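Novice: Build me a structure from this.
(chains A and B)
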Amino acid sequence: MTDGILTLTVNGEARRLVAEGQRTLLELLRDDLGLTGTKHGCDLGECGTCTVLVDGKPVLSCLTLATQTRGSEVTTVEGLADGLVPHPLQKAFAELGAAQCGYCTPGMLVTAAALLERNPQPDTDEIRQALAGNLCRCTGYIKILDAVKLAAGAVR
Amino acid sequence: MTGNVVVGRPGPRVDAADQVTGRTTFAGDIDRSGMLIGGLLESSQAHARILSVDTSAAEALPGVRAVLTGADLPVPYGILPVSQDEHALAVDKVRYVGEPVAAVAAVDADSVEEALSRIVVEYEPLDAVATIEEALASGTRIHGEGEGDNVHRRAALEFGDVGSGFDAAHLVREDVYFFGGNTHAALEQHAAVASAGLDGRVTLWSSTQVPHYLHRTLEKVLEMPAGRIRVIAAPVGGGFGGKTDPFSHEIVAAKLAMVTGRPVKIVLSRQQVFYAHRGRHPVLMWVKTGFDPEGRITAMHFKSFLDGGAYGSYGAASLLYTGSLQTSTYRIPNYKFEGVRVFTNKPPCGPKRGHGTPQPRFALECQLDEAAADLGLDPVTIRRRNLVEPFSMTVNHLRITSCGIEECLDRAVEASDFSAKHGNLPEGKGIGLAAGAYLSGAGLPIYWNDMPQSEVEIKVDRGGGVTVFSMATDVGQGSTSVLATIVAEVLGLEPSDLAMVTADTDLTPVDLGSYSSRVTFMAGNAAKEAAEGIRDRVIAAVADELGLSADVVVVAGGRVGSANDEDKTLSWADAVRAAIVRGGSLTGSGSYRAPDLAGPYRGSGVGISPAYSYSVAVVEVDCDSETGEVRVAKVWLAHDIGRALNPLLVEGQMEGGVYMGLGEALFEEQAFRHTLHRGPSLLDYKLPTFLEMPPVQSILVETDDPEGPFGAKEVGQGPLLPVIPALANAVHDALGVRVAEVPITPDKVVAAQRDIKRGGDGRFGPRSVPDYDFGRLTRVDPPGEF
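Specialist: Okay, the predicted model is just below:
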């Protein structure tokens, strides 16, 4: 991979950008595209706050080189809602208090969205396994679990 | 409590829509035109004299706009007036690995990194002090602060007469416990953005829990009038006490903005967050408690030794907190507290959720279980026989008002089936219990003054729009939503009807900050008073307009007027216009200052509060007797919240407190190899994930505190307290081992089991404390009503 023009789709919109070899997807999203909904938490891929979807799969954008996403479809928290109509997960997270400080929320939401996409009716263990890479320091995960279950019902 | 519409109803946060769409702008998300990036150079030495700092190679880099060293910010500061011992950048000496020494502002992050690597610091290493024992014995003095040697603060207080209490005891236990330090590890790394204008004004956005105290610090260190400094607390991505000190990067960002004329952003790396710390103090504790034959406490003597790290921070208060709340849950007729906080060459400790009280709570609740076993009592009975009474005084002059500890105990025991399970579960499984209490706000501000601790203003627009102004800072606990709930209830509106302006020193009246679980109680009371002023004016105007007597006019459901006759009502907007026509600008304010609760002794300012929350936790565990691994099966937590303003938010705080308590109990530790942090990363410092979190049953106990807003008390910190000892007691029930040291890691469990096999008592942890002179003892008579 070399420096140069990078084309990819972000939240359904085709983007054409210049990305140096070592630029991470997280930097591209936050600094170049101004999509600051995706957060930075640990530098090491441990906390999951920087999770975004690349071609529908959750990836840690702090460990992903921007150039690796050439031609991909990237979805961030900003791309979950349809205009002012929230994704069922967004609605459920808000209603059930699944966000406290809200810092882990974008990563949680996109990871959960990928889960519901491939498994619309996850059981408790499947939800816990899917979100085990996303740390939350506020909620004890309990209301997050409730919210994913509620959204799964709504998605159905 | 009848007639409440919004209060008591579970509802979403007022800021939830922004949170779930990625629109919440944290400090690190802020971008400004022409913004530079700033960075800090950390000390590589634990303790050293700075001989020289050569910044010339850094300054010569093309992208670099400014380089600062300690000489540029010579004014010392610290969160407590008695501990002004920090500098934004080290002056003359460094005192821990990771201490900021120099700073750079440059056009991009790569240039910052390159510039920092080019700064040459020449150090003369000094002997470093790593532990409590070393600090008490070492001839090397870390700095000139404190009471001498490496002692920061000492305390020695006796209430009543412990000697006669022990003489009267049937059983006297002496036990030693150790609580390892741990850190907040909020997911948001601390961040600050500063901007300085040609008008001589400076603005700082920061992930701070205490914009008012930060404002005061900037006034001092930047040597500028406060009126020219604006501090805005951005939404905080997790606080837990970790963002309640003024920090180097905040001051440095402001100074760099002033030097360069450009906005400057500094985001700490995760490693720097571990060094910034201010987390839970490691505390070594010795507890001697006397009991009568029925298990009633006759006297307690408590000694604590705090490892403070390199600076004062909140430490003078932390020290006293390790001695103040023992009496808040159990009636202790004679009580003696001796404590010392030492300086070591490690990142400074400070307040973390529960501030200085989880450590003694762990010791006290473990010892109660041990005493119960000695006396042939069960854990519930010994506690029940010692519970404090509502509306009573403690021997150390704490005023207890509403107190639901007994109901918490009853309901947690019943829900968990504790009594049937305790002592009767199969080998490896166990159940444990503990209680706790916490302040609903510190009774005194950090700096002495007679002003209110919280002020709230409300402005009503001609179209009926209501804007609430408060410096209360939402750190995730939902303070903005709590204030909206209170104002909405008083004005007959919905929380979502209100615009909330918070945590901005230019726009909002002072609230001291989000610490000591004070916001619901203190800012809540101020908001209620402000809203009631508005409501009364609107009611008077509507009564006049409609020819009603004011005492029959009510506000409800967005209308104002007769409760019985819909025709005799006005919409809220029309009612507001009627009030503005009659009285002009429709604005209101309210304020709150805690009653004077200090006892007749120095140090009594710590521990007092207008109200205490109570919690009881039951933890059930499943232990692997081979590996020593402890898995938590379920937690029951009963919490006396006074009155739940929003039960959804209350449960969230309870669940979060359980989570954080379990992490501390099981594996979280800010551990060092001598003075070097063992792993300042989230790879090495483990946080509980989804998979470690057990189900939690939250039980809300409501006691309607007479002074709380709508009866409410705190929930942000108290629920954590009993979780840690309840887990320790559960491990004892499961395996018969007493791990008297937090965290309760598998190696300690295994070691304690081996001790049993070798004929020992199955105790893991220190067996003694240093022989130390805590200084002149202050004897205090118990309160007259005691």
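Novice: how does chain A divide into domains?
Specialist: A:4-79, A:88-155 (automatic domain parsing).
Novice: Determine which stretch of these is the most buried.
Specialist: Counting by mean count of other CB atoms under 10 Å in any protein chain shown, domain A:88-155 has the highest mean neighbour count of these, with a mean of 23. Bear in mind the C-beta positions are built from the backbone N, C-alpha and C, glycine included.
Novice: roughly how far out does that one sit from the chain middle?
Specialist: 11 Å (CA atoms, centre = their mean, to the nearest Å).
Novice: Return the residues in contact with the residue in the stretch 1-150 of chain B positioned nearest to chain A.
Specialist: Residue of the stretch 1-150 of chain B nearest chain A, by CB to the nearest CB: B:Gly22 (2.1 Å). B:Gly22 makes contact with A:Leu35, A:Thr36, A:Gly37, A:Thr38, A:Thr76, A:Val77, A:Glu78, A:Pro106 under the criterion CB atoms under 8 Å, 6 or more residues apart in numbering or on different chains.
Novice: ok, and the closest non-adjacent residue to residue 9?
Specialist: All of this refers to chain A. Spatial nearest neighbour of A:Thr9, excluding adjacent residues (CB to CB, 6 or more residues apart in numbering or on different chains): A:Glu73 at 4.5 Å.
Novice: if you could check chain B rather than the one you did, that'd help
Specialist: In space, and not counting its chain neighbours, B:Arg9 is closest to B:Asn646: 7.1 Å by CB to CB, 6+ apart.
Novice: correct me, but that neighbour touches B:Gly11?
Specialist: Yes: using CB atoms under 8 Å, B:Asn646 is in contact with B:Gly11, at 5.7 Å.
Novice: For the two, indicate the residue with more neighbours.
Specialist: Taking neighbours as other CB atoms under 10 Å in any protein chain shown, B:Asn646 and B:Gly11 compare with B:Asn646 leading, 25 against 22.
Novice: correct me, but B:Glu655 touches A:Ile142?
Specialist: Yes: counting by CB under 8 Å, B:Glu655 touches A:Ile142, with 4.6 Å between them.
Novice: got any residues that touch both of those two?
Specialist: Taking CB under 8 Å, 6+ apart as the contact rule, B:Glu655 and A:Ile142 both touch B:Val696.
Novice: List phi and psi for B:Glu455.
Specialist: Dihedral angles of B:Glu455 (phi, psi; degrees, to the nearest 10) stand at phi -130, psi 140.
Novice: residue contacts, the nearest residue in space to it that is not next to it in sequence?
Specialist: Spatial nearest neighbour of B:Glu455, excluding adjacent residues (CB to CB, 6+ apart): B:Pro509 at 3.6 Å. B:Pro509 is in contact with B:Glu455, B:Val456, B:Glu457, B:Phe469, B:Ser470, B:Met471, B:Ser589, B:Ser591, counting by CB under 8 Å, 6+ apart.
Novice: Buried ones among those?
Specialist: B:Glu455, B:Val456, B:Glu457, B:Phe469, B:Ser470, B:Met471, B:Ser589, B:Ser591 (16 or more other CB atoms under 10 Å in any protein chain shown).
Novice: which of the residues you listed lies closest to B:Gly63?
Specialist: B:Met471 (37.0 Å; CB to CB).
Novice: pretty sure that closest one is in contact with B:Leu214, am I right?
Specialist: No: counting by CB under 8 Å, B:Met471 sits too far from B:Leu214 to count as a contact (11.0 Å).
Novice: coming back round to it: Throw the contacts of B:Gly22 into CSV and include pLDDT, thanks.
Specialist: Below are the contacts of B:Gly22 laid out as CSV (pLDDT from 0 to 100):
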residue, pLDDT
A:Leu35, 98
A:Thr36, 98
A:Gly37, 98
A:Thr38, 98
A:Thr76, 98
A:Val77, 98
A:Glu78, 98
A:Pro106, 98
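Novice: Those residues also near chain B: which ones?
Specialist: A:Leu35, A:Thr36, A:Gly37, A:Thr38, A:Thr76, A:Val77, A:Glu78, A:Pro106 (CB under 8 Å from any CB of the partner chain).
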